[in-house]
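**Q** All I have is the shape, not the residue letters:
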């Protein structure tokens with residue numbers, strides 16, 4: 001039986017990152033770096049999580065799935081994904097606004113990148129006063145209106161903007177335009 005596992009976080013430097021992960025989450029971040037993401041659990045090639053505790057310390061997530069298969073991830077997930085772990089769990093520190101993004105669904109990602117699409121779920125752990133995020137459009141937008149807003153840098157004017165607070169949850173299905181604001 002597997003006991004509760006802890007994994008070593010993987011720190012990702014980002015131009016919009018800060019020091020909130022150190023100050024609020026007591027993460028041991030590298031000095032002098034703007035760390036925007038702490039990947040808590042990852043099977044992204046080149047950034048695979050490694051167990052930090054117990055007799056399995058030093059083993060990668062891929063190695064655990066290979067040995068424990070459905071016992072670790074469930075038979076249905078193992079049968080569908082095999083050794084691929086289908087989640088990336090990370091903490092984000094956005095001291096500045098992130099870019100506006102849209103991620104492909106499974107069909108488009110397979111066609112263009114030979115990979116799975118990307119749906120996201122955000123849980124707000126902490127937020128500065130006035131912090132916000134954008135998810136979807138604030139109104140019906142034609143393709144021409146969308147293109148014009150990108151061209152004249154007014155796209156944020158047509159996106160739905162939400163003030164956020166600790167405990168808020170947002171579901172972002174693949175294909176939904178979104179961005180995280182500062183704070």
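**A** Nice, I can see it. Remember, predicted model here, so these are calculated numbers, not experimental data.

**Q** From the opening residue of stretch 25-43 to its closing one, how far?
**A** For stretch 25-43, the first-to-last residue distance is 22 Å (Cα to Cα, to the nearest Å).

**Q** What's the mean pLDDT across that stretch?
**A** The predicted model assigns stretch 25-43 a mean pLDDT of 93.

**Q** first to last residue in stretch 139-148, what's the distance?
**A** 15 Å.

**Q** got a list of contacts for it?
**A** Contacts to stretch 139-148, defined as Cβ atoms under 8 Å, 6 or more residues apart in numbering, come from residues 149, 155, 158. (C-beta placed from N, C-alpha, C; glycine too.)

**Q** Please apply the same query to stretch 34-42.
**A** 7, 9-19, 21-22, 25, 27, 29, 47-49, 61, 85, 87-95.

**Q** redo that, cut-off 7 Å
**A** Contacts to stretch 34-42, defined as Cβ atoms under 7 Å, 6 or more residues apart in numbering, come from residues 7, 9-18, 21, 27, 29, 47-49, 87-94.

**Q** Where helices are concerned, which of the residues you listed count?
**A** When the contacts of stretch 34-42 are checked against helices (DSSP state H), the matches are residue 21.
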